[in-house]
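Asker: what shape does this take:
(3 chains)
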Amino acid sequence: MMNLATITSPMDHPYTTTTVSDRAADALCGNLLLSVLYMVIGLVAVAGLVAGLGVVLIYVERKVAGHMQARLGPMRVGPHGIFQTVADTLKLMLKEDIIPAKADKPMHLVAPMLAMAATILMLAVIPYSNNLQIVDLNIGVLYVTAVSGLGVMGILLGGWSSYNKWSLIGAMRAAAQIISYEVSATLALLAVVLFAGTLSLAGIVESQAAGWWIWRAPVVGVVAFLIYITASTAEINRTPFDIPEGESELTAGFHTEYSGLRFSFFFLAEFINMFVVSALAATLFLGGWMPLRIGQFEPFNSIMGLVPPSIWFLAKASLVTFAIMWFRWTFPRLRVDQLMRLEWKILLPIGFVNLALAAVAALFGLYFFSGP
Amino acid sequence: MSVSLRTLNDVVRPPTTAASALATQEYFVNMGPQHPIAHGSLRLVLRLDGETVKEVIPVPGFVHRGIEKMCEHLGPRQIVHLTDRMDYLSALMNNWALAMTVERAAGIAVNERIETIRTLMAELQRLQSHVLWWGVLGMDLGAFTPFLYGFREREVIGEIFEETIGARLTMNYIQPGGLMYDIHPGFARKVKDVARYIRPIIDEYDTLLSGNVILQERLRNIGILSPEKAVALGCTGPVVRASGVPYDLRKVEPYGVYGKAEFDVVVGTVGDCWDRYCVRMEEMRQSLRIIEQLIDNIPEGPHMVVKYGARIRIPEGIHYGQVETARGVFGVTIVSDGKGEAPYRMHFRSPSFNNLWAVTALAPGWRIADLIAIQSSLDLVIPDIDR
Amino acid sequence: MALAPGSSKRDKVNRPAVSVPVEALAALAPKLRDDPALRFDLLLDHTAIDWIADGRFELIYHLYSTVHGHHLTLTTSVSRENPVVPTVGAVWPIAHWQEREAFDLMGVLYDGHADLRRLFLEDDWEGHPLRKDYKDDSMLGLPK
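Answerer: Residues are numbered from 1 along each chain as shown, chains lettered A, B, ... in the order given. This next block holds a predicted model:
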């Protein structure tokens, strides 16, 4: 069990937090079978989350895209097309798996799995509710930042091993882009870590018991949030940063030579990454599963507390996901050198200054409802 | 005497080593005839150094249908069908070019009703073509939504064509001697409704794309074409006007009733992709202006002055006629030997063919993404290149 | 107007037209573009006609001046057996590709052309389709 006493927030909140891994660890002392059961539940939950999120998010994206483009989106498979993704998944699973003759076969097979692995590893540490978290690591933020790098490996290997010049160009662009934007994203996350005083994700959520960091940290919170959203959109290869798979230029970029199930891994990984990024933004800046609370203003807090925490989390993550989808259907694409310039000459300096100001604010307690 | 014949393989030489501190290698890539960005089947062989384009070698011919050969045994009314299929986004204007050339050659005088309706139809089609170009430009640069908005507007104008002409793409409406069908009584009201609907939508397009900083970064100061180079490379239409040359056939050699309508020729200053973009956006508004002036003043009269089935004799000689289509000057050369209805030789001066080669001069030195922007701003229709 | 020795008015063209001998073409082209009274800077079109009965190709150049706004149609003739014409690509760069088209479809050879290859047809195509005596297996019988 981690020690909650290190959290800077002295405010209390009426929620008890546990994770699946905590329960498994508790049961280990006595009942081995129960412990194993909890571990299996955890694994199944993640797998289920991947499948469920995939189905829902892809459908939502197509509907959102359709309505923004003055059309309806899928309408035929099921009422209003809700079974469209199921049909598409079945189709992709049944398709022939083509590997180019001169492709590097082992790498070609491994690449989608790496992309998927990164996504699944991140899904495991996100606090979906006060008692719905698979694992809570005390180095949560560090772990997330490190593991997201695995996704780059998947893209690079996929593009390189395809024996296709266009895929190679896409992979090179992706490598440059993702590695660059990781820096800005991490800087933005660090600003919140300074205030919360802990790297653990559950701890960060609990530190927002007096209010969400986006408004509780004056100005610094909003700036960090905006930097994080921009950098993360670039991390997950979404427009306006989708040059690695720039459809108009590179056919399909790094995943041109993939078909069938392994293509669906890349495809799914992109959507679930989008959810992970939104979930992290919600966790770190928007309070995670914590309802909107203002200091110790109990009347307001208890009204807000009527809505269960999981619904709060879902609403916040959905909002950010919708915003990211909205970007895709509005903005044109940046050119690769403009993208690099945006990161290194604009976002990074702002991120550094922001971090310095956040350090000052955290040190002197210059944020709303600070501790004693 | 040095005539040396070459093949494509001679051009695509083994890659040379670029002279730079890092040991890099140039490579050839095919932006092949099948490509999401290609506006048709155009093959571009690119010589690249990393992301920078060193040479662009267009290889056209995938849509070559031998139209000029076919024309040698077809009468003028049949050839009109083939003109639709070249620049299909300016089908009516292509029809008009042929009709005008045949009429001037054969000495057929058409009345003002016919000329007014032809002008109206041509401007509606110019509007439709530019709306589609706008959508495709958005899609090429990564914004998918404008594509669908552009098609929505295209449908609205297409309805007018469908009601009057019966076709949405291959119009075959403007014939030598007049029009295929007369306009229906509700035509003026319908066109006015559409004009009223589209005017604010063009402003909406400006809000959606033109004001977007990402788009401006992608288009400003990319692919700058100087006026002398534009004319030397045979460019016409919005491409040459964006470079600063005020060459618009509707003003310089008016045909139809353009002489009676008030409109401005839109000319750019810098000649970059952004200027080409702005020229076409403003041309849409000018087209609306012309439509609004003409729609209420269509004179009465027959819609065809030559009897259906009457032979049209083109006298012996070389006859050249040209119109200003949405892409540039579309010229028709009819060489007749005075025998029979079919021309001895037919040649079409297509605007897209002559604008295409500007990309070989503009793209080198820029990146792949800029090549896409340049090609999109040239507004090429591939069947027009290949004929 | 005497543009070059041997030039004459080309009749039966609906624009001012002049016919010049092919030897005079190379010297005449820069004059047409640069002379201040002429300034034909836009080569609108270039094509070839196959007068098989006369055994010659007639090449047409449609010229226009964006400065003065006047047209000129320039024609020249070469024999079908030896259809060699000097290139005007140095004067009007667009001619580079218009000449490639004429070579591809008619078989006119351009002396001094830097990159004379076929344009629309494959490099190993045999014959020149727009010639009046062109035949291949996929041509249907022409209607009367």
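Asker: spatially central residue in chain C, please.
Answerer: When chain C is reduced to its mean C-alpha position, the nearest residue by Cα atoms, centre = their mean turns out to be residue C:59, at 3.3 Å.
Asker: residue of the stretch 51-200 of chain B nearest chain C, please.
Answerer: residue B:61 (3.5 Å; Cβ to the nearest Cβ). Bear in mind the C-beta positions are built from the backbone N, C-alpha and C, glycine included.
Asker: so who does the nearest residue to residue A:275 once chain neighbours are set aside touch?
Answerer: Among residues not flanking residue A:275 along the chain, residue A:53 sits closest, at 5.4 Å (Cβ to Cβ, 6 or more residues apart in numbering or on different chains). Contact partners of residue A:53, counting by Cβ atoms under 8 Å, 6 or more residues apart in numbering or on different chains, are A:271, A:272, A:275.
Asker: return the distance of the second one relative to residue A:118.
Answerer: When Cβ to Cβ, to the nearest Å is the yardstick, residue A:272 and residue A:118 sit 10 Å from each other.
Asker: just the last one next, same as before
Answerer: The spacing between residue A:275 and residue A:118, counted by Cβ to Cβ, is 13 Å.
Asker: cool, the first one as well?
Answerer: As for residue A:271, its distance to residue A:118 is 14 Å (criterion: Cβ to Cβ).
Asker: is chain A contacted by stretch B:138-155?
Answerer: Yes. When contact is scored as Cβ under 8 Å from any Cβ of the partner chain, part of stretch B:138-155 falls within range of chain A: B:138, B:139, B:140, B:141, B:142, B:143, B:144, B:145, B:148, B:149, B:152.
Asker: so which helix or strand takes in the fifth one?
Answerer: Remark: residue B:142 resides in no helix or strand, with elements defined by DSSP states H and E.
Asker: hmm, back to that, for the residue of the stretch 51-200 of chain B closest to chain C, grab phi and psi.
Answerer: Phi and psi for residue B:61, reported as degrees, to the nearest 10, are phi 120, psi 0.
Asker: let me see the contact set for it.
Answerer: The contact partners of residue B:61, by Cβ under 8 Å, 6+ apart, come to B:386, C:119, C:120, C:121, C:122.
Asker: for PyMOL, write a command that selects the buried ones of those residues.
Answerer: Written as a PyMOL command, the selection of buried residues from the contacts of residue B:61, which uses 16 or more other Cβ atoms under 10 Å in any protein chain shown, is:
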select buried, (chain B and resi 386) or (chain C and resi 119+120)
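Asker: now intersect the contacts of residue B:61 with the strands, please.
Answerer: Restricting these to those inside strands, with DSSP state E as the criterion, leaves an empty set.
Asker: are we agreed that residue C:127 is in a strand?
Answerer: No. Inclusion of residue C:127 in a strand is not indicated when DSSP: H, G, I helix; E, B strand; the rest coil is applied; the result is coil.
Asker: so the nearest residue to it once chain neighbours are set aside: helix, strand or coil?
Answerer: Take residue C:127 and drop its neighbours on the chain: the residue closest to it by Cβ to Cβ, 6+ apart is residue C:134, 5.5 Å away. In three-state terms, and counting by three-state DSSP, residue C:134 is coil.
Asker: measure residue C:134 to residue C:121 for me?
Answerer: Taken as Cβ to Cβ, the spacing of residue C:134 relative to residue C:121 amounts to 12 Å.
Asker: cool, residue A:195 as well?
Answerer: Using Cβ to Cβ, one obtains 70 Å as the distance from residue A:195 to residue C:121.
Asker: got it, and residue B:332?
Answerer: When Cβ to Cβ is applied, the distance between residue B:332 and residue C:121 equals 23 Å.
Asker: returning to that earlier point: between residue A:272 and residue A:118, which has more neighbouring residues?
Answerer: Each of residue A:272 and residue A:118 has its neighbours counted (other Cβ atoms under 10 Å in any protein chain shown); residue A:272 has more, 26 against 23.
Asker: assumed that one was part of a helix.
Answerer: Yes. Residue A:272: assigned to a helix according to three-state DSSP.
Asker: so it touches residue A:54, yeah?
Answerer: Yes. A contact is recorded between residue A:272 and residue A:54 when judged using Cβ atoms under 8 Å, the distance being 6.4 Å.
Asker: quick one: the helices in the stretch 151-300 of chain B?
Answerer: With DSSP state H, counting those that start in this stretch as the criterion, the stretch 151-300 of chain B has helices at B:187-205, B:213-219, B:227-232, B:238-242, B:249-252, B:273-294.
Asker: and the third one, what's buried?
Answerer: So the one you mean is helix B:227-232. Buried residues in helix B:227-232, defined by neighbour count with 16+ other Cβ under 10 Å: B:227, B:229, B:230, B:231, B:232.
Asker: give me the number of residues near the residue nearest to the last one when sequence neighbours are not counted?
Answerer: It refers to residue B:232. With Cβ to Cβ, 6+ apart as the criterion, residue B:232 has its nearest non-adjacent residue at 5.1 Å, and that residue is residue C:93. Residues within reach of residue C:93, counting by other Cβ under 10 Å, total 19.
Asker: name the element residue C:93 belongs to?
Answerer: When secondary structure is defined using DSSP H and E, no element contains residue C:93, which sits outside every helix and strand.
Asker: any idea how far it lies from residue C:39?
Answerer: As for residue C:93, its distance to residue C:39 is 17 Å (criterion: Cβ to Cβ).
Asker: cool, and residue B:282?
Answerer: Residue B:282 sits 28 Å away from residue C:39, going by Cβ to Cβ.
Asker: and for residue C:103?
Answerer: When residue C:103 is compared with residue C:39 (using Cβ to Cβ), they lie 28 Å apart.
Asker: residue A:59 now?
Answerer: For residue A:59, the distance to residue C:39 (Cβ to Cβ) stands at 64 Å.
Asker: residue B:317 now?
Answerer: Counting by Cβ to Cβ - residue B:317 and residue C:39 are separated by 26 Å.
Asker: which strand or helix spans residue B:372?
Answerer: Assigned by DSSP H and E, residue B:372 belongs to helix B:368-378.
Asker: how about that helix and chain C, any contact?
Answerer: No. Using Cβ under 8 Å from any Cβ, helix B:368-378 stays clear of chain C, with a minimum separation of 13.9 Å.
Asker: so the residue nearest to the centre of chain C: helix, strand or coil?
Answerer: Secondary structure, three-state DSSP: residue C:59 is strand.
Asker: how near is it to residue B:345?
Answerer: Shown here: residue C:59 relative to residue B:345, a distance of 12 Å by Cβ to Cβ.
Asker: which neighbours do these two have in common?
Answerer: When contacts are counted by Cβ under 8 Å, 6+ apart, the set common to residue C:59 and residue B:345 consists of C:47, C:49.
Asker: and which of the contacts of residue A:53 is nearest to residue B:249?
Answerer: Relative to residue B:249, the closest of the contacts of residue A:53 is residue A:271; by Cβ to Cβ it sits at 51.2 Å.
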